[in-house]
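K.L.:
let me see the structure of the following:
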Amino acid sequence: MNNALSSLARRAALAATGLAASGAALAHPGHDAPPLHAHADWLLGLLALAGVGWLLWRLIRDHDDTPAADTPAPAPVDRRHTRMSTSATPDLASATGVDDDAVAHGSPLRSVYVYEAPVRLWHWINALCITVLAITGYFIGQPLPTQPGEASANYLMGYIRFAHFAAAYLFVVGLLGRIYWALVGNHHARELFTLPIFTPAYWREVRTMLKWYAFLIPQPSQYVGHNPLARMAMFFGFFLFSVFMVFTGFALYGEGAQAGSWQERLFGWVIPLMGQSQDVHTWHRMGMWGMLIFITVHVYAAVREDIMGRQSIVSTMVSGHRTFKR
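P.N.:
Next up, the predicted model:
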């Protein structure tokens with residue numbers, strides 16, 4: 001498994017390097033940028049990034065690193081060779097960290113292997129790509145103030161554009177790889193792309209989750225994969241949104257790559273369909289804010305489930321195992 005993961009990582013790195021290099025051709029210095037005037041836009045961006053950063057910090061701090069239930073139990077301790085009594089006093093347990101009674105009365109955990117390694121790897125690479133795309137995309141739409149000195153001595157916007165294009169290529173490659181793994185992976189890998197809308201039980205569980213998020217019921221059902229409401233949100237809020245961002249983004253990229261480029265041939269029809277180039281710019285930028293709103297809700301829901309739902313969410317995307325507390 002380790003060799004396979006290492007090989008996959010090497011191939012992904014080589015593919016990302018090659019694809020990113022092709023985006024460098026369009027990473028050129030921008031025109032003299034207008035002074036910043038959209039203070040409301042700046043404030044919204046800073047608040048959104050601060051909110052996502054805070055939630056990610058809480059996500060890492062509250063990371064549930066409890067071992068899975070199917071982890072082999074440690075060997076029994078020979079009490080004849082221990083220095084401490086099994087009936088350790090609270091003070092002694094506090095000083096040494098050894099408390100056999102607390103371990104004996106701890107709540108049992110059950111574990112199910114859900115997300116395979118390629119799904120978990122894609123999840124975190126995808127999160128990094130979206131972060132880079134959102135930050136660089138914001139500054140492409142609202143450039144920094146004009147830099148002092150000659151234009152030839154400043155390449156800041158060129159670097160920002162290159163980072164945006166490289167992250168976009170990696171995002172698309174990752175999305176295509178995720179679609180491939182939905183075909184060859186386990187059934188949980190397909191939940192992102194399908195919705196059982198004709199199954200009545202699915203809608204009953206959606207209502208259950210709505211009641212749970214509205215604090216109307218004490219506990220939700222125990223879901224091995226995505227819960228039904230999260231599955232719907234991932235399909236509409238991430239997958240379809242991602243397809244929209246890819247099509248509008250590459251339409252704008254093809255406009256800069258000029259007529260005849262493969263980007264213009266494949267995505268050039270998007271601009272006349274949506275009206276004109278500025279309309280595509282506007283919708284692409286609105287899509288960025290929509291994606292950031294989805295990510296904020298996504299992180300909140302994941303952390304909330306870890307704390308209140310008695311089942312692991314965050315750590316599942318690290319270890320692959322979903323643990324359930326009785």
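K.L.:
next, count neighbours for the nearest residue to Tyr202 once chain neighbours are set aside.
P.N.:
Spatially, and ignoring its direct neighbours in sequence, Tyr202 is nearest to Pro196 (4.6 Å; C-beta to C-beta, 6 or more residues apart in numbering). To be clear about C-beta, it is placed using only N, CA and C from the backbone, and glycine gets the same treatment. Neighbour count for Pro196, taken as other C-beta atoms under 10 Å: 12.
K.L.:
Pro196 belongs to a strand?
P.N.:
No: applying DSSP: H, G, I helix; E, B strand; the rest coil, one finds Pro196 to be coil, outside a strand.
K.L.:
tell me which stretches of this structure form strands.
P.N.:
Under the criterion DSSP state E, strands of the chain are mapped to 109-113, 321-325.
K.L.:
any idea which of the ones you listed is most buried?
P.N.:
strand 321-325 (a mean of 19; mean count of other C-beta atoms under 10 Å).
K.L.:
which helices and strands sit right next to it?
P.N.:
Where contact means 3 or more C-beta pairs under 8 Å, 6 or more residues apart in numbering; DSSP states H and E, strand 321-325 is packed against strand 109-113.
K.L.:
so how far is Ile140 from the closest residue to Phe139 other than its chain neighbours?
P.N.:
Once flanking residues are discounted, Phe139 sits nearest to Ile160: 5.4 Å by C-beta to C-beta, 6+ apart. Applying C-beta to C-beta, to the nearest Å, the value for Ile160 to Ile140 is 6 Å.
K.L.:
give me the low-pLDDT residue ranges for the chain?
P.N.:
1-94, 103, 107, 326 (pLDDT under 70).
K.L.:
please redo it, this time with the cut-off set to 90
P.N.:
1-111, 142-157, 218-222, 225, 256, 258-259, 305-312, 324-326 (pLDDT under 90).
K.L.:
look through it and tell me its longest helix.
P.N.:
helix 277-308 (DSSP state H).
K.L.:
ok now that one, how far from the chain's centre?
P.N.:
Mean C-alpha position of helix 277-308 versus that of the full chain (C-alpha atoms, centre = their mean, to the nearest Å) differs by 10 Å.
K.L.:
and that helix, what's buried?
P.N.:
Under the neighbour-count criterion of 16 or more other C-beta atoms under 10 Å, helix 277-308 has 280-281, 283-285, 287-288, 291-292, 294-295, 298-299, 301-303, 305-306 buried.
K.L.:
now swap in stretch 307-320 and tell me
P.N.:
Per 16+ other C-beta under 10 Å, stretch 307-320 contains these buried residues: Gly309, Gln311, Ser312, Ile313, Val314, Ser315, Thr316, Met317, Ser319, Gly320.
K.L.:
likewise for stretch 188-195?
P.N.:
So, applying 16+ other C-beta under 10 Å, buried residues of stretch 188-195: His188, Ala189, Glu191, Leu192.
K.L.:
tell me how many other residues surround the closest residue in space to the last one that isn't next to it in sequence.
P.N.:
What sits nearest to Leu192 in space, not counting adjacent residues and going by C-beta to C-beta, 6+ apart, is Met234, at 5.3 Å. When neighbours are defined as other C-beta under 10 Å, Met234 has 19 of them.
K.L.:
I'd say Met234 and Asn227 touch.
P.N.:
No: in this structure, Met234 is not within contact of Asn227 by C-beta atoms under 8 Å, at 10.4 Å.
K.L.:
with adjacent residues omitted, what lies nearest to Phe235?
P.N.:
Nearest residue to Phe235, sequence neighbours excluded (C-beta to C-beta, 6+ apart): Leu195, at 5.4 Å.
K.L.:
got the phi and psi for that neighbour?
P.N.:
Dihedral pair for Leu195: phi -130, psi 120, per degrees, to the nearest 10.
K.L.:
with distance to Phe247 added, can I get the buried residues of stretch 188-195 in JSON lines?
P.N.:
Below are the buried residues of stretch 188-195 laid out as JSON lines (distance: C-beta to C-beta, whole Å):
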{"residue": "His188", "distance to Phe247": "27"}
{"residue": "Ala189", "distance to Phe247": "24"}
{"residue": "Glu191", "distance to Phe247": "23"}
{"residue": "Leu192", "distance to Phe247": "18"}
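K.L.:
I am finished for the moment; much appreciated.
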